[in-house]
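Colleague: Here is my input, please return the structure:
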Amino acid sequence: MEALANILSIAGALGAAFYCFTLSGRLRRFNRTEDGMRGAVAALSAQVDGMTRALRTAREAAADPALRLDALIRRAEEAAGRLELMLAALNDLPAEEAGPPAARRVLRRRRPAPPAGPAPGAATHDGAPDDAAAEAAASRTAGPEVVAA
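Modeller: The predicted structure follows:
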């Protein structure tokens with residue numbers, strides 16, 4: 001019986017040794033994973049810090065245009081209010097009974113040419129200048145007569 005107890009003791013010791021060996025392998029893998037996890041956590045932390053800085057910079061850059069846009073919107077709303085008042089005042093004015101003045105048409109007629117005669121200022125048979133011929137020459141050079149229709 002003593003031999004059976006020794007065999008069982010040896011089997012228990014071998015089982016415990018195998019269990020310790022298995023636990024040792026798991027612990028080694030866990031430590032490697034923990035180191036890997038530490039590196040991953042450190043990398044993620046650095047990325048979060050970088051993103052926080054980028055977000056802060058973007059907010060600062062967007063603040064100034066937002067303020068300018070607010071000021072421009074206020075100015076546009078004030079101008080729209082003034083335009084509405086002007087339109088209302090324009091609608092209150094009495095309408096003109098007469099429309100726009102009618103366009104006048106101007107006709108230009110040429111005077112009929114006088115009959116051909118002696119040259120202007122030409123002397124007659126008695127040596128005096130001919131007044132009728134001078135008048136005819138003046139009317140030819142006077143240009144068109146303007147008549148309103």
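
Colleague: SS state for residue 107?
Modeller: Look at residue 107: counting by DSSP: H, G, I helix; E, B strand; the rest coil, its state is strand.

Colleague: Where does pLDDT dip in this structure?
Modeller: The chain contains residues with pLDDT under 70 at 95-105, 116-149.

Colleague: which residues in the chain form helices?
Modeller: Taking DSSP state H to define them, one finds helices in the chain at 2-92, 131-141.

Colleague: Select, out of these, the one closest to residue 109.
Modeller: Closest to residue 109 of the helices of the chain, according to CB to CB: helix 131-141, at 13.4 Å. (Glycine included, C-beta is placed from N, CA and C.)

Colleague: re earlier: could you dump the helices of the chain to JSON lines with distance to residue 113 and mean neighbour count?
Modeller: Putting the helices of the chain into JSON lines (distance: least, CB to CB, whole Å; neighbours: other CB atoms under 10 Å) gives the following:
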{"stretch": "helix 2-92", "distance to residue 113": "57", "mean neighbour count": "10"}
{"stretch": "helix 131-141", "distance to residue 113": "6", "mean neighbour count": "13"}
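
Colleague: Can you lay out those helices as JSON lines showing distance to residue 111?
Modeller: Output for the helices of the chain, formatted as JSON lines (distance: least, CB to CB, whole Å):
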{"stretch": "helix 2-92", "distance to residue 111": "51"}
{"stretch": "helix 131-141", "distance to residue 111": "6"}
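
Colleague: do you know which of these lies nearest residue 106?
Modeller: Relative to residue 106, the nearest member of these by CB to CB is helix 131-141, separated by 20.8 Å.

Colleague: Of all the helices of the chain, which one comes closest to residue 110?
Modeller: Closest among the helices of the chain, using CB to CB: helix 131-141, at 10.1 Å.

Colleague: First-to-last residue distance for stretch 90-107?
Modeller: With CA to CA, to the nearest Å as the measure, stretch 90-107 spans 39 Å from end to end.

Colleague: actually stretch 89-108, sorry about that
Modeller: With CA to CA as the measure, the ends of stretch 89-108 fall 45 Å from one another.
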